[in-house]
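Engineer: Whatever this is, show me its structure:
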Amino acid sequence: MEVADVYKFFSFFFWALFTFCSHFFAKQYFSRTSTSHVTENVIFLTSLQVGCGAVLYVVMKLRNMHSKSLIMDYKTILLGACHSYGMMMTNSSMAQTTASLTHLVKMSEPFYTTIIMAIMGKINFNCKIIFIMMIILATAVGSEPISDARSSLVGIGFALVSNLCYALRNTGTKYFYSEESSKSATTLEGFAAISFGGLLSLIPMWLFSYLFGYDNYSDLLTSSNDQINYFLIISSISHALYNIISLTIILSFFNPVQHAMLNVGKRTSIILVFYLFSQRPFTILNLISAIICLLVSIVGVRVMAVKKHSEVSDKSEEISWKYMVSGILILLFSLSSISWTVSNFQKGVPTARDNWLQCIDDIQENIMSRLSDHLTNPALLNHPTHLLLIDPAYGGNVGDNLIAYGELVLMERMGFLNHTECHIIQSQGLSKWCNNFTHVPDGGLAWWHGGGNWGDLWDRKALTLRRMRSFIQLVKKGKTVIGMPQSFHYQNKVNQTGDASDWMEAIAAEYSAAESKAKMVLTWRQNESYDQAAALYPLLDNRLVPDVAFMIGPIEETFTWSLKKEQAELIFLLRNDKESRHMGKRNVDKLRAIIDSNNETKGLSFEMVDWWDRGRFFDKTVDEPGPELKYKVLDEGKFDYQHMFKSSIAMFTGGKVLITDRLHSSILAFLMHKPHVYVDQMYGKIRKTREVAFDVSEKCGDREEMKFDEAENIEEAVVKAARILRDKKYWTD
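Structural biologist: Next up is the predicted model:
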């Protein structure tokens, strides 16, 4: 092997290596950023990539102010525009589709170059070009999994435009300047000047993006995600390095068509590595299509890379096929090593689903740990009197049912495998009447059913005051009483202070503060509720505990019990009571008007439901057991929880994205990992309750990974739901 061939070989090797690194890490960046801001992501990354070369120009200009190679003229600006917008189209393609498909479509670049050079009179035009391009494009699409073909069409378009930009850049770089000119674009100075010109040409794109509302650049500039920042840096530096090699070495040896042919060899390696390491398994059809695409590209380029017989001297050189093939084999090994290393590193990085599952685990562990002093107390755990669950909710409100089931999960996971129940107002007569608890055995543990009814928003006398009296009655029977997590809300402050004062007087008349705190525990699912209760009820042990419904789950979303197999795009589950802030918009016609008033959401299909509409979606004839749960309760009592679960899941499958103002429909959606947007009720119960739960673990902190968002009103919720529908992150686990 001659020295010149060795030089060409290593030039080709590092050209492909840095191309792969640039595109591989660019794809990693796009896959980890929100697709709702794809325009900003593309412009930002392109600017960084082109900016690396522009920095080189500034440095070189400062060192040699009078260099003719660094003069910025219209030719340099035009070449820079082709350079930067070609890269922008490539990035846009990779943001829309797989990186391998982008590279497959870019196999047609030699034919763009051939046409341009034929027009310039540098080579003879061959009419087979149209036929060959059709084969390449068809097989490029065929090489992708069928399920992605439609979503990839936009990416294909961007890749085709990038081909034109690069063909113009390479041809212009090679032939814009006469041989007698001291200025050349195929030098390091030429590359630096083109990069600076390209950065200048992006200014209109930045202005247009701001003008049309694509202005989410502050988050990108201030990102604290080290992994994403590393991807940006590696991709940008690799982009500068491979373009330096491409324009100053490869293009100086070969004419643009030969340069494009070498690009085919380079992309062959990259595509194979992307298939092996960066995509899901592909079919035989995909593989055969890819091979045909590559073979037709390489053979077609050689067929058309025929010089025009003229007196024009073209300083182009040949490169032996044996060097090209050996180079590709070595490249495959090198690029595979990089991909394998990155892939193995990322295996240690939890997925969104991993974090969601860990979030649920952490919340459940937190609930159990915050009550563990009582629930692991041998005197209570081994007491002959069974745990008493007071007034579990057995009505049609699924939210209350979920709380009751969560209480059963909690008691059984903590070792209380036997329990009894009694009815006050919510058990629908399925349990024995509590009365004054005279029939209840002494000692042991009693739980009051949790929920959102502490105060005067609902039946104050039957719920709140009755509960207050019962604490004293039950403690007199030797029981430890725990109120499951509640929301505190009084509308009448006189009632609030009066009820608290009367209760504290009654407790103080019977017990010391130490005695009452040891036997009476109130748990609250909102920070504000806890603060108010701690101030008003100082004789009780007040604790902040996540809503007990989080003890359920995870739950799989399934169509097993669904009457409707086709999903609407949105499903509105909106309450129809005095807690609602959105009652005036709970109407099919009004929701349709809201959706169609915005071009971003116009035409979206939807369902409007509440808990009592489950029958419209539930197929009762399906004889299948209920959902697989992490912990399935052994003693469910008299209430049909499995019907509740199956019918609720069936209704939730009626729409792709849930919009709700009910707390427990948002919790159920979370437990199902179903994309949802919540709008709060009258006193902010949803946000405040979820905040307490999600604050227990850093795994719960990413809304995209947890698949939810919040909105101030229905209009905003619809827009956010529409964006979720388009964002692939919400639809992959």
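Engineer: C-alpha from now on. contacts and neighbour counts both.
Structural biologist: Fine.
Engineer: ok, so what distance separates the closest residue to L570 other than its chain neighbours from I595?
Structural biologist: Sequence neighbours aside, F606 is the residue nearest to L570 in space, at 4.5 Å (criterion: CA to CA, 6 or more residues apart in numbering). Distance, F606 to I595, using CA to CA, to the nearest Å: 9 Å.
Engineer: Could you do L544 as well?
Structural biologist: L544 sits 39 Å away from I595, going by CA to CA.
Engineer: mind listing the strands for the protein?
Structural biologist: Here the chain has its strands, by DSSP state E, at 387-390, 419-423, 432-433, 445-448, 451-455, 480-489, 520-524, 541-544, 568-573, 606-609, 655-660, 676-679, 708-711.
Engineer: Out of these, which is closest to D354?
Structural biologist: Nearest to D354, of all the strands of the chain, is strand 708-711, at 15.9 Å by CA to CA.
Engineer: From V718, how far out is the residue nearest to L570?
Structural biologist: Distance, F606 to V718, by CA to CA: 10 Å.
Engineer: With neighbour numbers in mind, choose between the two.
Structural biologist: The neighbour count for F606 versus V718, taken as other CA atoms under 10 Å, is higher for V718 (25 against 21).
Engineer: Model confidence score at the more buried one, please.
Structural biologist: The model reports V718 with a pLDDT of 97.
Engineer: ditto for S224
Structural biologist: 65.
Engineer: what about I245, how many residues close to it?
Structural biologist: Neighbours of I245 under the rule other CA under 10 Å: 22.
Engineer: Surely it and F13 touch.
Structural biologist: No. Taking contacts as CA atoms under 8 Å, I245 lies outside contact range of F13: 10.1 Å.
Engineer: Could I get the phi/psi values of L629?
Structural biologist: Main-chain dihedrals, L629, degrees, to the nearest 10: phi -110, psi 150.
Engineer: That one contacts Q642, doesn't it?
Structural biologist: No. Between L629 and Q642 there is no contact under CA under 8 Å: 11.1 Å.
Engineer: roughly how far apart are I686 and F158?
Structural biologist: Per CA to CA, I686 is found 43 Å from F158.
Engineer: Likewise for E624?
Structural biologist: For E624, the distance to F158 - CA to CA - is 48 Å.
Engineer: quick one, which of the two is more surrounded?
Structural biologist: Ranked by neighbour count (other CA under 10 Å), E624 and F158 place F158 first, with 22 against 10.
Engineer: so that one touches S93, yeah?
Structural biologist: Yes. The pair F158 / S93 is scored as a contact, 5.1 Å apart, by CA under 8 Å.
Engineer: Now for I244, how many residues are close by?
Structural biologist: I244 sits with 21 neighbouring residues when counted by other CA under 10 Å.
Engineer: same thing with D400?
Structural biologist: Neighbours of D400 under the rule other CA under 10 Å: 21.
Engineer: What's the separation between the closest residue to it other than its chain neighbours and E407?
Structural biologist: Spatial nearest neighbour of D400, excluding adjacent residues (CA to CA, 6+ apart): A393 at 5.5 Å. According to CA to CA, A393 and E407 sit 11 Å apart.
Engineer: Need the residues touching each of these two.
Structural biologist: H449 (CA atoms under 8 Å, 6 or more residues apart in numbering).
Engineer: Provide a list of residues in contact with F14.
Structural biologist: Contacts of F14 by CA under 8 Å, 6+ apart are Y242, I245.
Engineer: how far away is it from S84?
Structural biologist: For F14, the distance to S84 - CA to CA - is 21 Å.
Engineer: do the same with G452
Structural biologist: Taking CA to CA as the measure, G452 and S84 are separated by 57 Å.
Engineer: between the two, who's got more neighbours?
Structural biologist: Between G452 and S84, counted using other CA under 10 Å, the more crowded position is S84 (30 against 17).
Engineer: what pLDDT does the more buried one get?
Structural biologist: Confidence score, pLDDT, at S84: 90.
Engineer: Do a quick rundown of the helices in the stretch 501-650 of the chain.
Structural biologist: Ranges of helices in the stretch 501-650 of the chain, per DSSP state H, counting those that start in this stretch, are 513-519, 527-536, 588-596, 641-652.
Engineer: now swap in the stretch 1-150 of the chain and tell me
Structural biologist: 3-31, 38-63, 74-96, 99-105, 109-120, 128-142.
Engineer: And those: which comes nearest S697?
Structural biologist: With CA to CA as the criterion, S697 lies closest to helix 3-31 of these, at 24.3 Å.
Engineer: quick check: angle from that closest one to helix 38-63?
Structural biologist: Counting by axes from the mean of the first three to the mean of the last three CA atoms, to 10 degrees, helix 3-31 lies at 140 degrees to helix 38-63.
Engineer: I'd like the numbering to begin with 16 instead of 1 from here.
Structural biologist: Yes, from this point I'll number from 16; that puts the last item at helix 18-46.
Engineer: What are the buried residues along helix 18-46?
Structural biologist: Residues of helix 18-46 classed as buried under the neighbour-count rule (16 or more other CA atoms under 10 Å) are 23-24, 26-46.
Engineer: quick one: that helix to chain centroid distance?
Structural biologist: Relative to the centre of its chain, helix 18-46 is centred 30 Å away, using CA atoms, centre = their mean, to the nearest Å.
Engineer: for F660, what are its contacts?
Structural biologist: Contacts of F660 by CA under 8 Å, 6+ apart are G641, P642.
Engineer: And I265, how far from D457?
Structural biologist: Distance, I265 to D457, by CA to CA: 90 Å.
Engineer: Just want to know which of the two has more residues nearby.
Structural biologist: A count of neighbours by other CA under 10 Å puts I265 above the other of I265 and D457, at 21 against 17.
Engineer: That one is in contact with S26, isn't it?
Structural biologist: Yes. I265 is within contact range of S26, at 7.2 Å (criterion: CA under 8 Å).
Engineer: What average pLDDT does stretch 263-280 get?
Structural biologist: 66.
Engineer: nope, stretch 56-68 is what I was after
Structural biologist: The model assigns stretch 56-68 a mean pLDDT of 90.
Engineer: how far is that stretch from where the chain is centred?
Structural biologist: 23 Å.
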